[in-house]
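Visitor: sequence-free structure coming up:
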């Protein structure tokens, strides 16, 4: 194997948005650095089920719903 081609894995402290922290191995920074997260699974809408807004541009969504809205509905 070639030498000096593998990344340097070391321990870094990860701080979540709510202040909780944990120690993990990473290639980020140097040994002992702190990674402060702005977005994490505890606060991001993708993981928490936050509200989404579906933009209807030129009526495409309503056209689709009118055409295929009954698919999958049981009568």
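Guide: That came in fine, so what should we check first? Worth saying up front: this structure is predicted, and the values here are computed from it rather than measured.
Visitor: quick one: low-confidence ranges for the protein?
Guide: Residue ranges of the chain with pLDDT under 70: 1, 47-48, 50-58, 73-75.
Visitor: which residues in it form strands?
Guide: 10-15, 21-26, 34-36 (DSSP state E).
Visitor: contact partners of the last one?
Guide: Looking back up the chat, that one is strand 34-36. 12, 13, 14, 15, 26, 28, 29 (C-beta atoms under 8 Å, 6 or more residues apart in numbering). To be clear about C-beta, it is placed using only N, CA and C from the backbone, and glycine gets the same treatment.
Visitor: CSV for those, including neighbour count and distance to residue 6?
Guide: As requested, these are exported to CSV (neighbours: other C-beta atoms under 10 Å; distance: C-beta to C-beta, whole Å):
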residue, neighbour count, distance to residue 6
12, 19, 17
13, 14, 23
14, 16, 22
15, 14, 27
26, 16, 14
28, 13, 15
29, 11, 17
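Visitor: longest helix of the protein?
Guide: helix 60-68 (DSSP state H).
Visitor: Can you list the buried residues in stretch 6-24?
Guide: Neighbour-count burial for stretch 6-24, counted by 16 or more other C-beta atoms under 10 Å, picks out 12, 14.
Visitor: Look up how far residue 28 lies from residue 42.
Guide: 20 Å (C-beta to C-beta, to the nearest Å).
Visitor: Wait, residue 32 touches residue 11, no?
Guide: Yes - using C-beta atoms under 8 Å, residue 32 makes contact with residue 11 at a distance of 7.0 Å.
Visitor: Pull the number of nearby residues for the closest residue to residue 16 other than its chain neighbours.
Guide: The spatially closest residue to residue 16, leaving aside those adjacent along the chain, is residue 40, at 4.8 Å (C-beta to C-beta, 6 or more residues apart in numbering). Number of residues near residue 40 (other C-beta atoms under 10 Å) recorded here: 14.
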